[in-house]
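A.B. asks: When you get a sec, could you give me coordinates for this:
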Amino acid sequence: MARTGPKKSGLRVLVWLGVVLAVLTAVLAGGTIAGQASWAPKLALDLEGGTQMILAPKVEGGSDINEEQLNQAVAIIRQRVDGSGVAEAEISTQSGRNVVVSLPGTPSTQTRALIQASADMNFRPVLLNGAGAAVPTESLTPEDQLPKPTAEPANSSDTNWITPEVYRQFETLDCDNPSQDKQERSDPAKPLVTCEPATATTPAIKYILGPVEVKGSNIVTSSFQLQQGAQGAVTNEWAVNIQFDDEGTAKFKEVTERLNQFYVAAGGETGTDPKAQFAIVLDDQVISAPRSLAVITDGRPQITGGFTEQTAKALSDQLRFGALPISFEIQSEQQISATLGGEQLRMGLLAGVIGLLLVVVYSLFQYRALGFVTIASLVVAGALTYLAIAILGWTENYRLSLAGVAGLIVAIGQTADSFIVYFERIRDELREGRGLVSAVENGWKRAKRTVLASKAVNLLAALVLYFVAVGNVRGFAFTLGLTAIADLIVVFMFTHPTLQMLARTRFFGEGHRFSGLDPKQLGAVPLYRGAGRLRTPDSKPAAVRAKNTGAAAEAERRMTIAERRLAEKQEQLTGSSKSASKENK
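C.D. replies: As a prediction, the model looks like this:
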């Protein structure tokens, strides 16, 4: 079987890269034609401006709101805004009384309603639970085997609430990658299919929950403390305490009587019946789903089980403040200009252009015609990054901030580094006397390990910065990571295949002095002269030796320690064989 040469292999990879670019362009063009996307990336609040709303909190009964309650309300609003897919929003308090929400562009009616609504906390019994991942299409339950109600539900824990539609929704729900487009509240009188998000120690779980039985407004207060044992001794386990009002106490007693029957029937501590659980739901998302271990008659349940001090405090705060009937009234709304403005964007783009020009000038000066490969690679990397940002703006509502622009500018130098590493490896191979085709392949084998290690460090730094930082710094980290991925694609699918093809052209293959790959200028000395003769350093004309002195010194300086020791060893062996030849004569 004939082997595929580097030239054909390189051409095939270039064709695949062209297909990728064409597909991305077609996707964006399709979205633009449909009126859902735009060729220009979406800009964040600092570059585009948007809408600023000042919200005045209102508590049922007219009571005042304290700072802790306001901070919890801000956290709930931030979660809602992020969940609605709005990126780069700014949410803060004003004078300890109002909440200021600044959103890029013009918020939709649904987003406004979502921000104004009060926190929706309630208690629902669990009907079914399972792993958070969606069931694969080929493993979905057949239509004729889906559960069907046999009678009207007798209570909220009755599995007759599970209709074929509800069960199918449960199977297809993916809590590992939850949807970000939920805008409407669930009906409290109907079952709910929802998620409990993953934490650092537990995976995501999905549930089918029965109708609401106890409202969050029935919570008087909540607290957290170290749990006390049967003898009154304090243990090292944290617990969360809830106190209901009279109405909540009566309802919760009724619920726990029923749930405790499922708990006992399943075998107590060793049982796993999900119907023994009740879920605490905040804004249609489960924040905790403990089992009912006993009938609670005094309206003072205690939640235990693997809490740390931080997680116990977080749940206590959610119960105490999330259950408050706080809603928000839009006190004022106005359009705001970009916080940084177009001038800063122009200066940032100018800095990027200057950096790009410097890279181009350096590449042409250092690598001559080979520098055009660097320029073409940067163009392809820029096209890939641009298309990715535009498509993410359409599909994920990603918005480019000035910090993100800074990440793109920094990436120019990091991208050029990959090409320089590769080119220098090829030059090292030429200095050792190899032909260009061989030098390209051997240089690539040595360079790609360095490139992969470098980009792995860049990606790791971008990921850490993205998850640790807040605000616009995350935009910088995102673009930094995105350009690192684009750089790898370009080096593997454009730069190397291009050089594989150029190595077989006359201009580069014969080492034209303007190609940047001239063996003479690099200090390489061909060992084979033809007709069985070998060229030694002494056999070169004096003019040639003088001309190559500087290049040879440069080549020696670039040699690694191992390469220098090998060269010294070879010189010693050459000197020994010369001495032996003279003695024989």
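A.B. asks: quick one: least confident helix or strand in the chain?
C.D. replies: For the chain, scoring each helix and strand by mean pLDDT, DSSP states H and E identifies strand 528-530 as the least confident one, at a mean of 43.
A.B. asks: pLDDT weak spots in the stretch 201-350 of the chain?
C.D. replies: Under the criterion of pLDDT under 70, the regions of the stretch 201-350 of the chain flagged as low confidence span 229-232, 270, 321-327, 339-343.
A.B. asks: swap the cut-off to 50 and go again
C.D. replies: Counting by pLDDT under 50, the stretch 201-350 of the chain contains no low-confidence segment.
A.B. asks: can you map out the strands along it?
C.D. replies: For the stretch 201-350 of the chain, applying DSSP state E, counting those that start in this stretch gives strands covering 205-209, 214-215, 219-228, 234-244, 278-282, 285-288, 302-307, 326-336.
A.B. asks: The first one pairs with which strands?
C.D. replies: Taking DSSP bridges as the criterion, strand 205-209 sits next to strand 121-131 (antiparallel), strand 192-196 (antiparallel) in its sheet.
A.B. asks: With mean pLDDT and mean neighbour count as new columns, can the ones you listed be given to me in TSV?
C.D. replies: The C-beta positions use only the backbone N, C-alpha and C, and glycine is treated the same way. Shown next, in TSV, are the strands paired with strand 205-209 (pLDDT from 0 to 100; neighbours: other C-beta atoms under 10 Å):
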stretch	mean pLDDT	mean neighbour count
strand 121-131	90	22
strand 192-196	91	22
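A.B. asks: Which neighbouring elements make contact with the host helix or strand of A486?
C.D. replies: When secondary structure is defined by DSSP states H and E, A486 falls within helix 473-490. For helix 473-490, the helices and strands in contact under the criterion 3 or more C-beta pairs under 8 Å, 6 or more residues apart in numbering; DSSP states H and E are helix 371-395, helix 402-431, helix 436-468.
A.B. asks: In CSV: those helices, plus mean pLDDT.
C.D. replies: Shown next, in CSV, are the helices and strands packed on helix 473-490 (pLDDT from 0 to 100):
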stretch, mean pLDDT
helix 371-395, 92
helix 402-431, 88
helix 436-468, 91
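A.B. asks: So for V437, which of the strands paired with strand 205-209 sits nearest?
C.D. replies: For V437, the closest of the strands paired with strand 205-209 is strand 121-131, at 53.1 Å, according to C-beta to C-beta.
A.B. asks: measure V361 to A416 for me?
C.D. replies: Using C-beta to C-beta, to the nearest Å, one obtains 12 Å as the distance from V361 to A416.
A.B. asks: Give the residue from those two that has the larger number of neighbours.
C.D. replies: A416 (23 against 11; other C-beta atoms under 10 Å).
A.B. asks: Go ahead and confirm that one touches S363.
C.D. replies: Yes: the pair A416 and S363 passes the contact test of C-beta atoms under 8 Å, sitting 7.3 Å apart.
A.B. asks: so what sits against both of the two?
C.D. replies: Overlap of the contact sets of A416 and S363 (by C-beta atoms under 8 Å, 6 or more residues apart in numbering) consists of T374.
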